[in-house]
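Student: have a look at this fold, sequence not included:
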């Protein structure tokens with residue numbers, strides 16, 4: 001990840017204060033979830049979530065009790081814990097770096113088609129041998145994977161129900177190639 005350049009996104013694993021710590025956290029997270037059978041894939045790293053913490057769907061506050069909190073990260077992690085899925089799920093993003101508006105690092109923007117395409121090698125590697133669940137419509141389109149509602153903007157209950165359906169085996173989850 002440190003060498004990745006994905007369009008006009010910010011690579012927080014390479015650049016900025018704390019980049020080495022974010023790389024270390026990501027490596028530890030990936031090693032801890034090496035055998036997780038599910039890959040939960042969101043749209044892109046957010047400015048209050050992975051950009052700061054280095055771990056997808058995780059805010060700094062969840063890790064250290066300090067720093068910014070991120071609503072989607074809070075909902076995703078709480079839901080995984082409530083459903084007993086935390087250890088079975090590896091979280092990632094279609095675009096693992098942070099897309100933001102020009103000169104506005106404190107914003108999030110939708111990744112471009114080119115940024116999604118440039119990110120595919122990371123997805124392929126992490127998806128190998130796992131069932132993939134797309135969180136949100138962009139991830140669904142990029143992955144052609146089963147969809148659960150993104151938890152933001154009032155979607156927490158639908159997100160939880162969608163994950164519960166998959167966990168209960170109510171719907172087949174395709175493998176991403």
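Tutor: Okay, I see it. Computed from a predicted model, the values in this text were never measured in an experiment. Numbering: from 1, shown residues only.

Student: show me the helices in the protein, by range?
Tutor: Using DSSP state H, the helices of the chain run over 19-32, 50-53, 60-64, 71-82, 113-127, 137-143, 156-167.

Student: for the fourth one, give the mean pLDDT please.
Tutor: Helix 71-82 shows a mean pLDDT of 95 in the predicted model.

Student: can you check the first one too?
Tutor: For helix 19-32, mean pLDDT rounds to 98.

Student: distance from the chain centre to it, please.
Tutor: Taking C-alpha atoms, centre = their mean, to the nearest Å, the mean C-alpha location of helix 19-32 is offset from the chain mean by 14 Å.

Student: how about that helix: buried residues?
Tutor: Of all the residues in helix 19-32, those buried under the rule 16 or more other C-beta atoms under 10 Å are 22-23, 25-26, 29. For the C-beta atoms, the positions are set from N, CA and C on the backbone; glycine is no exception.

Student: and it, what does it pack against?
Tutor: Using 3 or more C-beta pairs under 8 Å, 6 or more residues apart in numbering; DSSP states H and E, no helix or strand is in contact with helix 19-32.

Student: can you check what angle separates that helix from helix 113-127?
Tutor: Between helix 19-32 and helix 113-127, the angle formed by their directions is 50 degrees, by axes from the mean of the first three to the mean of the last three C-alpha atoms, to 10 degrees.

Student: got the contact list for helix 19-32?
Tutor: Contacts to helix 19-32, defined as C-beta atoms under 8 Å, 6 or more residues apart in numbering, come from residues 1-2, 12-13, 53-55, 63, 90.

Student: about what we covered before: how about TSV for the buried residues of helix 19-32, with distance to residue 95 added?
Tutor: Formatted as TSV, the buried residues of helix 19-32 follow (distance: C-beta to C-beta, whole Å):
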residue	distance to residue 95
22	16
23	17
25	19
26	15
29	18
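
Student: where does pLDDT dip in the protein?
Tutor: Within the chain, the segments meeting pLDDT under 70 span 168-177.

Student: stretch 59-73: how far from the chain's middle?
Tutor: Averaging C-alpha positions (C-alpha atoms, centre = their mean) puts stretch 59-73 14 Å from its chain's average.

Student: and if you look at stretch 101-119?
Tutor: 14 Å.

Student: next one: stretch 125-140
Tutor: 10 Å.

Student: buried ones in it?
Tutor: For stretch 125-140, by 16+ other C-beta under 10 Å, it's 126-127, 130-136, 138-140.

Student: next one: stretch 63-73
Tutor: Of all the residues in stretch 63-73, those buried under the rule 16+ other C-beta under 10 Å are 68, 70, 72-73.
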